[in-house]
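1. Give the three-dimensional model of this entry:
(chains A, B and C)
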Amino acid sequence: MDWIAFSLLNGIIYGLLLFMVSAGLTLIFGMMGVLNFAHASFYMLGAYFAYSLQGVVGFVPAIVGATLLAGLVGAGVERWFLRRVHRYGHAHELLLTFGLSFVIAELIKLFFGNYPVDYRIPRSLDVAAFVLGQQQYPAYRLLMGAVALAMFAAIYLLLTRTRVGIVVRSAIYKPRMVEALGHNVQLVFMGVFGVGAALAGLAGAIAGAFYTTSPNMALEVGVMVFVVVVVGGLGSLGGAMLASLLIGVLTSLAVGVDRSAADLLAFLGARDWAEGVGGLLTLKLSSLAATLPFALMLLILLLRPSGLMGDKD
Amino acid sequence: MRTPFILTGVALLAALPLLVSAGLLNASVQMLIAALFACAYSLLAGRAGMLSFGHAAYFGVGAFATVHAMNALGGSGLLPTPLLPLVGAVAGLAFGLVAGWFATQRSGTVFAMITLAMAELLHALAPQLKGWFGGESGVSSMRMPAWGFDFGSTTQVYYLALAWVLMALAALYFHSRTPLGRLTLALRENPHRLRFLGYDMHGLGVSAFALSAMFSGIAGALQVISNESANYAVFDAGVSAGVVLNCFIGGVGSFLGPALGAALMTFFGYSVSDQTQVWLLYQGMLFVLVMMYMPDGLTGLVSATASLVRRHGFARVLPLGLCGGAAAVLVAAAVVFGVEMLQRLFSQDYRALARLSAGPPPIALFGRSWTASALFTWLVPAGLLAAGGLLGWGAARRLRALSPASATDDEKHASSSESTPESTPVLGLSEQVRA
Amino acid sequence: MKKTRLASAALPALLLLAAGAQAAPVKIGMVETLSGPQASSGQAYRAGVRYAIDRLNAAGGWNGEPVQLLEYDNQGGPSGASDKLKAAISDGVQIIVQGASSAIGGQITEDVRKYNLRNPGKEVVYINVGAEALELTGEKCNFHHFRFAGNADVRVQALVKAMKENKSLGTKVYAINQNYSWGQDMEKATVQNAAAGGYQVVEKTLHDVNKIQDFAPYVSKISASGAETVMTGNWSNDLLLMMKASKAAGLKAHFATVFLDQPGNISNAGDLAVGHYVAHVFNAEASGAEGDRFVADYTARIGHAPVFVEPQTVFGLEMVADALKRTKPVNGALDVNAFAKTLEGTRLKTPGGEISVRAADHQALMPMVVSVVSKDARYKADGTAFGFKPVKAFTGEEASTPAQASCKMQRPD
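-> Residues are numbered from 1 along each chain as shown, chains lettered A, B, ... in the order given. The predicted model follows:
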């Protein structure tokens, strides 16, 4: 039963990491209706900024610096690129962010090269938290989870308990009215975009040290983040948390299951027929682990398109 | 006025094998296929207003159906090689009907996400289903002779592709003239009113989706006939994104706009990828710039220029055009120079060689040797940028003088909303031009 | 397309203009993945090819003229590769070189076969310097294809023999691979060598390619199985992430890999890679003075030491150069069929050892070295304190595995 405990723990931590990256995206979408294809690029930028700063200022200041820098880049992107394209419609915004994702990835390859860079956890943090069965559990993973939870708490409190939060939430809901009331909605948009990008940058800075930091980071995480946002409900923070945990645990547990649909049908005595048909029925769940989130996404879209916790309209 | 243009265009395309080398001819086949795919996509996204982000799925389904048909039937009997794209059409239509039935029940972002999810699911499952998709080396086949042709040379494949693409474009144009095509347009313009007039919205949506998928399937089939193999890489999100970009770069305001955009971008990728390692950066920059400054795509540029010429005459607009063009070329040259220098300076090997030798080694670029530390090396792009900037500023001032800013915007939006319900201009020149 | 610095385009053009003598320089076309996510491998192959062609031209080229190298970017996929192959052929290329992906290799070998079928007398030949899927010298074997790289069988056999000899193999082996032809070949090879290696394959896992960020669940499975060695063909992120996850979990098993020497792996993994094994074609420390000379020359010209796929690319092209030297021009041009027959019988001593080509399936018998990551290695990797210390070196014959029965090569006789 060790592996179930491990899988659950791994799944939860991986889900929390996904949450860190997708929190920003779901806020940005909820606010501006822009599905930002370049969001995963901010994740990658955060990792590379932290790598560049690590040699100069040390690990923790590098992470803080990377977060701020990613936020600045995000605010700049909103101010100079997205704002101009906003009036042409959603398709143009989407395509612009898509083009930006290319530009950012290629610029990173230009300056840092094609191979993964040497961005690692400092020795002091590279310890085991506890031992379960025969395996150690690294403390850094728990740290990642803790940061994600702290981030969730901070954003939630910010949005619900502060003045700024009220303005942001109403600007999401009724931007014209808020503008009429005298608030600078443009600034709010820019701020939310910047904060969303900063969150992704923080996730990148923290995760890049544990996983690899390479120019393909954005591609790896990018699609999964979309699945999380869609499954959780566009614009819903709680939904993003729920969806990321669900996807993290699902992928983690599926890896341990070496059974296929044919095995299931064996209970009905139809194993031979299933194996004769082949194809989908004989695929093991463990080799489909990374495909499951898409199936989940499609299911949610068809049955409950507003997502698990999105607004029903 | 339109018919001579079209006839000249077709004649030029027909004469192409005599004018270009075999390598470029093959690139032309790919350009034709991309053009058809973009026009098929434009039927759904441009006319019906439903942005699909997973259109590669229908292209791919058409491709795989065709390659299996090629292997099964050997290019003889009922389906000789020239008729194989019909298999792609039928497969695309069937899959499009099923997928469209589910997807068109929602609209807007949810619709886009559904199409994206379907394409990604297919992309993720395809490598696992080896029987149908052949794993990562794909399914390969061979073109068989038929009707007296052996289809061994690129020229014959080119003519086959040209014939099919022209027929498909004609069919798409015909569709836009039928009542069904008009109703599809109405789906984008005013869905509320359409519903109140009693039309079946869902059915119309499905028809648009299925027809778009059918023509995408034909494009996929043509690619298989040209490459003689199909690989699951065809379901990649990049292919779906590519067709959206091609379509919008060309401009959805006209019928042939997407075809032009697709042809240009395919040619860009084909030719520039061999010249430089950072061509994806240039492509990304191009996307961003087009989205920001040419939101209506090339079609918009052509019609804006045409309206300027109409109002002020060719003589006054020509210097503006030349100025703007020169500015664009100079700025592009500056950017290219700067990026290429940076790429070489920051590459690992250069840095290693620099550490080994005394000073920074010279970099060979554009047939000349440049020293990184010399001021002149950086003056060149700076100078080009300054010159381009000046020219561009001059051109912008002249443009503003010719047409006050508010009037241009209103005119653009007025003409676009007037012209689209009446007809879809073929080349971006609306009906008024004929007067 | 870019032309190599040493090739002067003017010379062949002048010669073409000269009436009568139609000496056509040989054009070698490299169709590689030079951009996009997998660009790092393509650029490594390009470095090796450029080095080898420069040396060939420094030694006099072919038929008195320099050999021209034309580079094409396949834009990351098989359909782009197919397009660029056609462009290369229309540019007059007669020798195609490629290595970065088995999927692209499969596309190119099929396209070359079909082109040669349709254009007898104007054949082209495909020199494969890296696509290691077994089918390329199996069902898809082709007279006009030569593979100068290993394959799953060869790599696993070398790893098993070497690790068994130095007692680090153990009796329980876990096979984890990517779920595509290469990974499946590796898994089959691991199972086939179980009897000879005296181990039991405790479990086999196939996972999605380049999609998994978090290998912790897989590491849990490995640790639960009690395996002492993990045999894997993973490359790039899949290998690095798996190793990092295994270190984080405190897994004690050795990794027996094929692509551990990919640049970026050691710098990223650092000391957690120590004690893991790799089977590669060249290790300078095992090759004496010849190896040192090769490394020094390569570093001086290219900027870094030849690692990963570069040595096999250079050796493969040196074989090509040797065969070219012994192929007489026919009407001033290269007769590809004659060249292929000469290449079939070529034996060459390279800094890594002697290489020969097996005529039955055109698989080159490449020497193989099994190395372990250690602090004591003479040549350090990625600028870190660690390098690859050779454990056992095999000659081409020792490392080879028999030709596959599925290869039925059609010869143009």
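2. What segments of chain A are strands?
-> A:128-132, A:135-138 (DSSP state E).
3. Among these, which comes closest to residue B:207?
-> strand A:135-138 (55.6 Å; CB to CB). (C-beta placed from N, C-alpha, C; glycine too.)
4. Next, count neighbours for the residue in the stretch 301-435 of chain B that chain C sits nearest to.
-> Closest residue of the stretch 301-435 of chain B to chain C, CB to the nearest CB: residue B:349 (3.3 Å). Around residue B:349 there are 15 other residues, counting by other CB atoms under 10 Å in any protein chain shown.
5. OK, contacts around it?
-> Going by CB atoms under 8 Å, 6 or more residues apart in numbering or on different chains, residue B:349 touches C:47, C:302, C:303, C:304.
6. Give me the subset of the residues you listed that lies in strands.
-> Counting by DSSP E, these contribute nothing to strands.
7. From those, list the ones also adjacent to chain B.
-> Residues of the contacts of residue B:349 in contact with chain B (CB under 8 Å from any CB of the partner chain): C:47, C:302, C:303, C:304.
8. among those, who's most crowded?
-> With neighbours defined as other CB under 10 Å, the most crowded of the ones next to chain B among the contacts of residue B:349 is residue C:47; it has 21 neighbours.
9. confidence score at residue 267?
-> Using chain A here. Residue A:267 carries a pLDDT value of 76.
10. hm, I was asking about chain C
-> 84.
11. Please identify which helix or strand holds it.
-> helix C:265-269 (DSSP states H and E).
12. part of a helix, is residue B:171?
-> Yes: counting by DSSP: H, G, I helix; E, B strand; the rest coil, residue B:171 is part of a helix.
13. What's the local residue count around it?
-> So residue B:171, with other CB under 10 Å, has 14 neighbours.
14. do the same with the one 10 residues further on
-> For residue B:181, the number of neighbouring residues by other CB under 10 Å comes to 21.
15. Taking the stretch 51-200 of chain C, what residue is nearest to chain A?
-> Closest point on the stretch 51-200 of chain C to chain A, by CB to the nearest CB, is residue C:179, at 5.4 Å.
16. quick one: contacts for the most far-flung residue of chain A relative to its centre?
-> For chain A, the largest distance from the centre (CA atoms, centre = their mean) belongs to residue A:269, which lies 42.2 Å off. Neighbour list for residue A:269: empty [criterion: CB under 8 Å, 6+ apart].
17. residues in contact with residue 283?
-> Chain wasn't specified; assuming chain A. A:260, A:261, B:128, B:129.
18. That was the other one, I meant chain C.
-> Residue C:283 neighbours (CB under 8 Å, 6+ apart): C:291, C:369, C:371, C:379, C:388, C:390, C:393.
19. Nearest to chain B among those residues?
-> residue C:379 (14.8 Å).
20. my read: that closest one touches residue C:385, true?
-> No: at 11.9 Å, residue C:379 and residue C:385 do not qualify as touching, with contact defined as CB atoms under 8 Å.
21. between the two, who's got more neighbours?
-> Higher neighbour count among residue C:379 and residue C:385: residue C:379, with 15 against 12, using other CB under 10 Å.
22. Parallel or antiparallel, list what pairs with the helix or strand just after the helix holding residue C:267.
-> On the C-terminal side of helix C:265-269, the closest following helix or strand by DSSP H and E is strand C:277-280. With DSSP bridges as the test, strand C:277-280 is paired with strand C:254-257 (parallel), strand C:368-374 (antiparallel).
23. Quick one: residues in contact with the following helix or strand past the longest one.
-> Put plainly, it is strand C:368-374. Heading C-terminal from strand C:368-374, the first helix or strand you meet, by DSSP H and E, is strand C:387-394. Under the criterion CB under 8 Å, 6+ apart, residues C:158, C:161-163, C:165-166, C:260-261, C:266, C:277-278, C:280, C:283, C:285-286, C:353, C:367-374, C:376-381 lie in contact with strand C:387-394.
24. Are any of the residues you listed buried, and if so which?
-> C:158, C:161-163, C:260-261, C:266, C:277-278, C:280, C:283, C:285-286, C:353, C:367-373, C:377, C:381 (16 or more other CB atoms under 10 Å in any protein chain shown).
25. Which residue ranges of the stretch 1-150 of chain A form helices?
-> Here the stretch 1-150 of chain A has its helices, by DSSP state H, counting those that start in this stretch, at A:2-32, A:39-57, A:59-77, A:83-85, A:90-112, A:139-161.
26. ugh, typo on my part, it should be the stretch 201-313 of chain A
-> A:217-232, A:237-255, A:261-266, A:271-277, A:292-303.
27. is any part of the last one close to chain C?
-> No: on the criterion CB under 8 Å from any CB, helix A:292-303 is out of touch with chain C, staying 10.1 Å away.
28. Could you check the angle that helix makes with helix A:217-232?
-> Between the axes of helix A:292-303 and helix A:217-232, defined by axes from the mean of the first three to the mean of the last three CA atoms, to 10 degrees, the angle is 30 degrees.
29. quick one: buried residues of helix A:292-303?
-> For helix A:292-303, using 16+ other CB under 10 Å, the buried residues are A:292, A:293, A:294, A:295, A:296, A:297, A:298, A:300, A:301.
30. Check whether the third one really touches residue B:117, as I assumed.
-> Yes: in this structure residue A:294 lies within contact range of residue B:117 using CB under 8 Å: 5.8 Å.
31. So which bits of the stretch 201-350 of chain C are right by chain A?
-> C:205-208, C:210-214, C:216-221, C:223-224, C:237, C:240-241, C:244, C:248-251, C:262-265, C:267-268, C:270.
32. Tell me where the model's unsure across the stretch 51-200 of chain A.
-> A:133-134 (pLDDT under 70).
33. how about the residues of it near chain B?
-> A:81, A:84-85, A:88, A:90-92, A:94-96, A:98-103, A:105-107, A:109-113, A:115.
34. Could you pull out the helices in the stretch 251-400 of chain B for me?
-> Using DSSP H, counting those that start in this stretch, helices in the stretch 251-400 of chain B cover B:257-272, B:279-293, B:297-312, B:314-346, B:348-356, B:375-402.
35. oh sorry, the question was meant for the stretch 51-200 of chain C
-> C:78-90, C:102-118, C:152-165, C:181-192, C:194-197.
36. Okay, buried residues for whichever helix or strand comes after the shortest one please.
-> Sequence-wise, the next helix or strand downstream of helix C:194-197 (DSSP H and E) is strand C:200-207. Along strand C:200-207, the positions that meet the burial threshold by neighbour count (16+ other CB under 10 Å) are C:201, C:202, C:203, C:204, C:205, C:206, C:207.
37. Tell me the confidence at residue C:207?
-> 85.
38. Would you confirm that it contacts residue C:217?
-> No: at 9.6 Å, residue C:207 does not count as touching residue C:217 under the criterion of CB under 8 Å.
39. Residues that sit against both of these two, list them.
-> A:255, A:289.
40. Mind listing what's buried along stretch A:242-258?
-> A:242-256.
41. again with stretch B:381-388
-> B:381, B:384, B:385, B:387, B:388.
42. before we move on, what about stretch B:390-400?
-> Buried-residue list, stretch B:390-400, by 16+ other CB under 10 Å: B:391, B:392, B:394, B:395, B:398, B:399.
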